[in-house]
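Engineer: Fold the following for me, if possible:
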Amino acid sequence: MLALAGLLGAITGIGIYALIRALAPSRNSAAATVAQIDALRAQGPVAGPAPHATDLRGRIGQRIAAFYLEQGWELRSMRADLAVLDRSWESFLATKLLLGAAGLVFGPFLYALVWQLGFGISPIVPVWLALVCAGLFFMLPDLEVRRDAADKRKDLRRVIAAYLDLVSMNLAGGRGLPEALMAAADVSDGWALVRIRSCLNDARITGISQWVALGRLGAELGIEELQDLSVALGLVADDGAKIRESLASRAETMRHRELAEIEGSAGENSQSMLVAQLMLAAGFLVFLMFPAAMRVFQA
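Structural biologist: Residues are numbered from 1 along each chain as shown. From the prediction side, this is the model:
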């Protein structure tokens, strides 16, 4: 018992020391400093406090984001997922912290309910329950964001394939590449084309080429197709025939890829249905054979 108590005390002490070391200000490495400068540059000029920072959740999110920035933790894939979903980075971090704190309370509360039912459980259990629940609750927003972002990226890729066909048709109609890109983005008010249209309008205002803006949008959202399209358009921007051929081939490739993914998903669903049917058949056979087997064993 004393050895177990000593082990728990050592683990707790190590955890407190690690927490203090993580929260204490320290000298950043060169990589962390460069990452911090890049993040500040990407944020642009700050005119004042963000609208979402007026409440407690917003302030917590801003402090956690500042801590991430000091440590040089970029988490680019998660930022890209949040950009696809059009969610705030600070709000996401605040949600993670608040859910983790709720998990710390939920674990001992669950232990208290079990203890009230009369089950004799070791007093060490609530500590582990609190840590496990806090970790699980802390990771729940990540799982939700990645799932929703994956679904939304599928929709975006489907829209991009249709968008490339529209751009190719506009080029065949005699329009230039900038006009064709903008005209194809004006055919709908769906969220995907709205993002592309806003990107093209920003490019026109800032004076950069539209294909460069599309590449930056692809990097922000984690869409490789937009980045490849940006490179291809930059190489053949002066040749209309090559642009039409390139866009048509890319749109066809994206459709074939989407069709292959749909067929693969349908195959997985079919296999799942087959397994479910086999399990039902096995259960029915056990139900039929159980009375006869019991009679044989009792004889």
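Engineer: got the contact list for R216?
Structural biologist: Contact analysis of R216 by CB atoms under 8 Å, 6 or more residues apart in numbering lists 199, 230. Where C-beta positions appear, they are placed from N, C-alpha and C, glycine not excepted.
Engineer: Likewise for R57?
Structural biologist: When contacts are counted by CB under 8 Å, 6+ apart, R57 is found next to 91, 94-95, 98.
Engineer: Pull out the buried residues from these.
Structural biologist: Burial by neighbour count, 16 or more other CB atoms under 10 Å: within the contacts of R57 this picks out 91, 94-95, 98.
Engineer: Tell me the one of those residues nearest L247?
Structural biologist: Each of the buried ones among the contacts of R57 was checked against L247 using CB to CB; the closest is S91, at 37.2 Å.
Engineer: tell me which helix or strand of the chain sits lowest on mean pLDDT?
Structural biologist: Across the helices and strands of the chain, mean confidence by mean pLDDT, DSSP states H and E is lowest for helix 30-43: a mean of 53.
Engineer: continuing past that helix, what's the next helix or strand?
Structural biologist: helix 56-71 (DSSP states H and E).
Engineer: Quick one: distance of that next one to the chain centre.
Structural biologist: Averaged C-alpha coordinates place helix 56-71 at 19 Å from its chain's average position (CA atoms, centre = their mean, to the nearest Å).
Engineer: how about the helices in this structure?
Structural biologist: Listed in chain order, the helices of the chain (DSSP state H) span 2-23, 30-43, 56-71, 76-85, 89-116, 125-172, 177-185, 191-206, 210-221, 224-235, 240-298.
Engineer: The shortest one: which residues count as buried?
Structural biologist: In terms of neighbour count (16+ other CB under 10 Å), helix 177-185 has its buried residues at 177, 180-185.
Engineer: Only C-alpha atoms, please: export that helix in CSV.
Structural biologist: The C-alpha atoms that make up helix 177-185 are tabulated as CSV, following Å, rounded to 0.1, in the frame of the first residue of the first chain:
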residue,chain,number,x,y,z
LEU,A,177,-8.8,33.1,-68.3
PRO,A,178,-9.5,35.7,-65.5
GLU,A,179,-13.0,36.3,-66.9
ALA,A,180,-13.6,32.6,-67.3
LEU,A,181,-12.6,31.9,-63.7
MET,A,182,-14.9,34.6,-62.4
ALA,A,183,-17.8,33.8,-64.6
ALA,A,184,-17.7,30.1,-63.7
ALA,A,185,-17.8,31.0,-60.0
